[in-house]
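sequence unknown, structure follows:
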Ligand code: NAD
């Protein structure tokens, strides 16, 4: 069986909405995967998809991922995501963003949007001119660029993975290979350098590499060499699906811990890492710092509280790896089990009607935050 409802059923979505606007060319899909833990929150990705089906699959996969990420991070948020079909450098306009913002608004707080690939903090500011259901902007209590907090969370998760590996917690003198020194990779390099780690880096843009070399000092390798480079920790901070049948046999690291989303190409790759004795800190567990950061806006953003919450990624990774050891299952499965456990408990304790209550809780908080910002 195939078709949209088949996909919705297999991914377990509550709602998927399609939006089209002839004048601005907007073609958007918003996926609300789950509101069991609270209103769904997740970024909007603008991408030149090959066809509508590809865009739909992406929004379904990404929004389901957000449910798991929020659950494991202990947030009272559900999973949602949006995609806009188009080239962000050519097709985006302020008018289009406003139409998208109105589409978000029409869901009445079931979905809160944020930044993702192809979107900027400025775009969120534009969207916020027509809806309050958008976080990660630069004004009205907006938290701005989340990548510093994402990097801080990855740094915490690395320490937990190190402890679980029996190597202690200190990064002093360890060699860490960073794939991609963009927003997150750059800040991660900064934390690691301050902790005394030796860096080896790669990126497809020489000026990004140069910046890290000048500021923190690092060895440089080509994008292809990063997998086989000698290191203690490999930190993927660029692309998804980079842990696969081609790359896993090349790895010389003891730990994989980085910010990239969807690092495992297939489920089997998680088993392959496990069988090779490489500790994998599951992507959505270790890269939740950005979500924690934007989500904090809903309670009135406080950077000290956010740092405290993000530093708990250390505990999350510890818990995941302990479960993995205890049950002799790969860490990605242990993370899924923990996330599902919290969702299941919430499903049992919160009856169907409480979803409305959760949303009105959110709307009350939003009103309070708006009053405070005015
Ligand atoms: P970014 O675009 O700023 O940085 C990515 C870097 O990777 C760029 O410098 C790019 O040139 C480089 N790159 C691309 N292809 C490469 C390749 N083949 N080899 C080496 N380098 C390559 O993105 P970002 O915001 O730093 O995010 C990095 C990853 O972390 C992404 O997968 C993103 O989805 C994920 N993530 C980011 C955040 C966040 O707060 N920004 C939060 C959660 C997850």
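Thanks, I have the structure now. Here the structure is a predicted model, which means the values were calculated and not measured. Numbering: from 1, shown residues only.

Next up, identify which helix or strand residue 200 is on.
Assigned by DSSP states H and E, residue 200 belongs to strand 198-202.

Tell me which stretches of the chain form strands.
In the chain, the strands defined using DSSP state E lie at 15-21, 26-34, 40-47, 78-85, 111-115, 175-179, 198-202, 219-220, 233-236, 255-256, 279-280.

Rebuild those as a markdown table, extending it with mean neighbour count and mean pLDDT.
The C-beta positions use only the backbone N, C-alpha and C, and glycine is treated the same way. What follows is the strands of the chain, written out as a markdown table (neighbours: other Cβ atoms under 10 Å; pLDDT from 0 to 100):
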| stretch | mean neighbour count | mean pLDDT |
| --- | --- | --- |
| strand 15-21 | 16 | 97 |
| strand 26-34 | 25 | 97 |
| strand 40-47 | 25 | 96 |
| strand 78-85 | 29 | 97 |
| strand 111-115 | 28 | 95 |
| strand 175-179 | 25 | 98 |
| strand 198-202 | 22 | 98 |
| strand 219-220 | 14 | 98 |
| strand 233-236 | 28 | 98 |
| strand 255-256 | 25 | 98 |
| strand 279-280 | 26 | 98 |
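
Can I get those strands in a markdown table including distance to the ligand?
Converted to a markdown table, the strands of the chain look like this (distance: least, Cβ to the nearest ligand atom, whole Å):
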| stretch | distance to the ligand |
| --- | --- |
| strand 15-21 | 21 |
| strand 26-34 | 17 |
| strand 40-47 | 8 |
| strand 78-85 | 12 |
| strand 111-115 | 8 |
| strand 175-179 | 5 |
| strand 198-202 | 5 |
| strand 219-220 | 11 |
| strand 233-236 | 8 |
| strand 255-256 | 14 |
| strand 279-280 | 16 |
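
export those strands to TSV and tack on distance to residue 167?
Below are those laid out as TSV (distance: least, Cβ to Cβ, whole Å):
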stretch	distance to residue 167
strand 15-21	44
strand 26-34	37
strand 40-47	34
strand 78-85	34
strand 111-115	35
strand 175-179	12
strand 198-202	15
strand 219-220	21
strand 233-236	10
strand 255-256	8
strand 279-280	10
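
need the contact list for residue 240.
260, 261, 262, 263 (Cβ atoms under 8 Å, 6 or more residues apart in numbering).

what do you get if the cut-off is 6 Å, keeping everything else the same?
Applying Cβ atoms under 6 Å, 6 or more residues apart in numbering, one finds that residue 240 lies in contact with 260, 261, 262.

OK, contacts around the last one?
Okay, so that is residue 262. In this structure, residue 262 makes contact with residue 240, judged by Cβ under 6 Å, 6+ apart.

What's the per-residue pLDDT of residue 357 here?
According to the prediction, residue 357 has pLDDT 67.

Also residue 335?
Confidence at residue 335, expressed as pLDDT, is 98.

Please apply the same query to the one 3 residues further on.
Model confidence at residue 338, expressed as pLDDT, equals 98.

and if you look at residue 2?
The per-residue pLDDT reported for residue 2 equals 69.

for the ligand, what are the nearby residues on the stretch 51-200 of the chain?
Residues of the stretch 51-200 of the chain lying close to the ligand (Cβ under 6 Å from any ligand atom) are 146, 147, 150, 179, 180, 181, 182, 183, 184, 185.
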